[in-house]
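Enquirer: Return atomic coordinates for the entry below.
(chains A and B)
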Protein chains: 2
Amino acid sequence: MVSRPVIALDVMGGDGGAPVVIAGAEIAKRRDPDLCFHLYGREEDIRRELAAAPGVAADSTVVHTNVAVGPNDKPTQAIRRARDSSMGLAIADVKSGAAQAAVSAGNTGALMAMAKLSLRTMEGIERPALAALLPTLGDNDLVMLDLGANTECDTENLVQFAVMGAAYARTVMGLERPRVKLLNIGEEDLKGTSELKEAATLLRGATYLPMRFEGFTEGDKLGRGDADVIVTDGFSGNIALKTIEGTARMVTDLLRRSFESSLRSKLGFLMSRPALQMLRVHLDPNNHNGAVFLGLNGLVVKSHGGANSIGIANAIGVAAALVREDITRRIIQDLDNFKAHMTASQTAEQQQGQDSING
Amino acid sequence: MVSRPVIALDVMGGDGGAPVVIAGAEIAKRRDPDLCFHLYGREEDIRRELAAAPGVAADSTVVHTNVAVGPNDKPTQAIRRARDSSMGLAIADVKSGAAQAAVSAGNTGALMAMAKLSLRTMEGIERPALAALLPTLGDNDLVMLDLGANTECDTENLVQFAVMGAAYARTVMGLERPRVKLLNIGEEDLKGTSELKEAATLLRGATYLPMRFEGFTEGDKLGRGDADVIVTDGFSGNIALKTIEGTARMVTDLLRRSFESSLRSKLGFLMSRPALQMLRVHLDPNNHNGAVFLGLNGLVVKSHGGANSIGIANAIGVAAALVREDITRRIIQDLDNFKAHMTASQTAEQQQGQDSING
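Expert: Numbering: from 1, shown residues only, chains lettered A, B, ... in the order given. Modelled structure (predicted):
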């Protein structure tokens, strides 16, 4: 186990820039004093913020660059022109092994493209997936992937996402056999695309994997807490994630309006404020910040672009937990296990085929 | 304009059965005294409920059947075996022209399959779409389609859904040029599947249609009220719709738990109850019940299976409004308009091609 994780931090990414990123790192350092940082960005800006962040200042190296990836840069542009950007250098730091994880609140598409090009996908993995923890009404959080890295996914992608998501749940949530479900438009076997139905068949047969596959689930059951991992293609996953955010915001907005509708309800609001504060904390995306690209030979964590310092600190916390639990090695082991069983069962089938021809 | 809409009612569909469906019809009749009903189901059950529903009893015909489509029947089974079911007979009633719309709270897949087989799609429409009104934070409701009739959609399907959804918004919401957006995983032109990008190009060019196409939107912006029609494939639409329902339920659940967390907040809750009641009414799916299959030669409205009598009444209200505004004819007109322009522009392009070859 890595005792002192080194985090490569893209100080130029996100809406808040250096002040928010460094303040976030300071919170993370206070929570986890063993963290070390490599800080990539404009040295002048970083030094200014470090004055108010003594913990980070004591355990960090500053690497200066003037190049930033813009929020609207296309992934192809970023690959060609932004190798020396704060984002590109942070990823290169993971590639070289100097840092164990990179954290960035910058442009998701560019981050994905640069990370994939530099770190490469694990052997046998065609596409990395973006995974994050979501809150539920149960006692457990939920790992959901893919949240938008891949617009279209085939059967193999979905099966690999399930294996990677289960490894995430095992390492971060400490579950031995996480419950895995596929997101679909119904729970019956005949529902959904052919890719989903085939993935379900494959996963149902993969009983040797450290997970329990429990079939399909639907959009209205995401928050129920009866699954540990929910697997979907990046298009549906992105729609679902953003719909959760939007609806939570809409309901709390309606709630505020309701409270403002009369003097009596205004008074009621004042009395219930501590309770409503609890709700706000539970729903605040900053408290669930930090999505990881699974399937790469190295760890890259994406923070929400609009995250505040608490959000950045949480994203750093996710990165540190995944480094400590050595998730990359665990995923590779699970995938090897899956491949070995698949090959064995294919050989057995071919043998059977031969036998029946010969017999 | 049809002054006395005749609604064919599947009295055996839905979780509540005859008591809920007939009570719902009675509420609808009280709101709109011109309604007439054809009631399909077990005569004994219907007569018993009609005793408490004098409005409906006065203006309805009862047609007896013992056959019901089960909630888990496959669409293929329903087509083969359930022609004489309450659902099948209600659809046949629309086909014959005796009723102007059918309303059912039964099995969605079976309803879709039977309606498509019996009523057929409009000329040039490959697939019908399921459309419903959703609440927003703005002053307007929102038409969203497809909500699950089609798992996969091509460019042409999406464009046709946009035309049909805009016709819905024009008739029911009284808008001259509804704002139409495509649901995507980003607002930039380069985001999403090729089908979405091509559909956007076609719709952007179709300025002669009575709608304003305003590009892409995302899952977190569904409730914002800045679009009148949101178009998506049935898979994503179903995921988004159910995620909205599930998240709204989750937030209100968390809210209740927060209120129960201390005596002070319990008192606050009692004071704010009227305000919270407003929120509950706004979010109750029964108050937005009634999704219509657009693109068929006849009107079929699907109620939520778990709807209460208010929900059933609202679904009947949707059916009556669409009958009165003659939505089927309006959609056919808009589609003809679109096809004529497409053919004209193709001919012009071919002519140009010819000219450049000859020139």
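
Enquirer: So what touches stretch A:317-337?
Expert: For stretch A:317-337, the external contacting residues (CB atoms under 8 Å, 6 or more residues apart in numbering or on different chains) are A:1-2, A:5, A:7, A:28, A:31-32, A:35, A:100-103, A:122-125, A:133, A:160, A:163-164, A:166-168, A:170-172, A:208-210, A:289-290, A:292, A:294-299, A:301. C-beta: built from backbone N, CA, C; applies to glycine.

Enquirer: Alongside chain B, which residues does the stretch 251-359 of chain A contribute?
Expert: Contact residues, the stretch 251-359 of chain A versus chain B (CB under 8 Å from any CB of the partner chain): A:251-255, A:258-259, A:261-262, A:264-265, A:267-276, A:278-279, A:282-283.

Enquirer: Just the buried subset of the contacts of stretch A:317-337, please.
Expert: A:5, A:7, A:28, A:32, A:35, A:100-103, A:122, A:125, A:133, A:160, A:163-164, A:166-168, A:170-172, A:209-210, A:289-290, A:292, A:294-299, A:301 (16 or more other CB atoms under 10 Å in any protein chain shown).

Enquirer: how about stretch A:79-90 as CSV, C-alpha atoms only?
Expert: What follows is stretch A:79-90 as a C-alpha-only set of coordinates in CSV (Å, rounded to 0.1, in the frame of the first residue of the first chain):
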residue,chain,number,x,y,z
ILE,A,79,-4.0,16.4,-28.0
ARG,A,80,-2.1,18.3,-30.6
ARG,A,81,-1.4,21.6,-28.8
ALA,A,82,-1.8,21.2,-25.1
ARG,A,83,0.9,18.6,-24.1
ASP,A,84,2.6,21.4,-22.1
SER,A,85,-0.6,22.5,-20.5
SER,A,86,-1.2,22.2,-16.7
MET,A,87,-3.5,19.3,-17.6
GLY,A,88,-1.1,17.6,-20.0
LEU,A,89,1.8,17.9,-17.6
ALA,A,90,-0.2,16.5,-14.7
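
Enquirer: Show me what the mean pLDDT comes to for it.
Expert: Stretch A:79-90 carries an average pLDDT of 92.

Enquirer: how about that stretch: buried residues?
Expert: Of the residues in stretch A:79-90, A:I79, A:A82, A:R83, A:S85, A:S86, A:M87, A:G88, A:L89, A:A90 count as buried by neighbour count, 16+ other CB under 10 Å.

Enquirer: my guess is A:L209 meets A:F338, correct?
Expert: Yes: contact status for A:L209 versus A:F338: in contact at 6.1 Å, counting by CB atoms under 8 Å.

Enquirer: so where is the stretch 251-359 of chain A shaky, pLDDT-wise?
Expert: For the stretch 251-359 of chain A, applying pLDDT under 70 flags the ranges A:346, A:349-350, A:352-359.

Enquirer: Actually, the stretch 1-150 of chain A.
Expert: Ranges of the stretch 1-150 of chain A meeting pLDDT under 70: A:1-2.

Enquirer: ok, so what distance separates the closest residue to A:K339 other than its chain neighbours from chain B?
Expert: Spatial nearest neighbour of A:K339, excluding adjacent residues (CB to CB, 6 or more residues apart in numbering or on different chains): A:G124 at 6.2 Å. Noted for A:G124: a distance of 26 Å to chain B, by CB to the nearest CB, to the nearest Å.

Enquirer: Tell me which residues touch A:G124, please.
Expert: A:Q160, A:L335, A:K339.

Enquirer: does the second one count as helix, strand or coil?
Expert: For A:L335, the reduced secondary structure class is helix; criterion used: DSSP: H, G, I helix; E, B strand; the rest coil.

Enquirer: That one: how many residues sit nearby?
Expert: Neighbourhood size, A:L335 [other CB atoms under 10 Å in any protein chain shown]: 21.

Enquirer: got it, and A:E260?
Expert: By other CB under 10 Å, neighbour count at A:E260 equals 12.

Enquirer: What residues of the helix or strand encompassing A:V251 count as buried?
Expert: According to DSSP states H and E, A:V251 maps onto helix A:234-259. Buried positions in helix A:234-259, judged by neighbour count with 16+ other CB under 10 Å: A:234-252, A:254-255, A:258-259.
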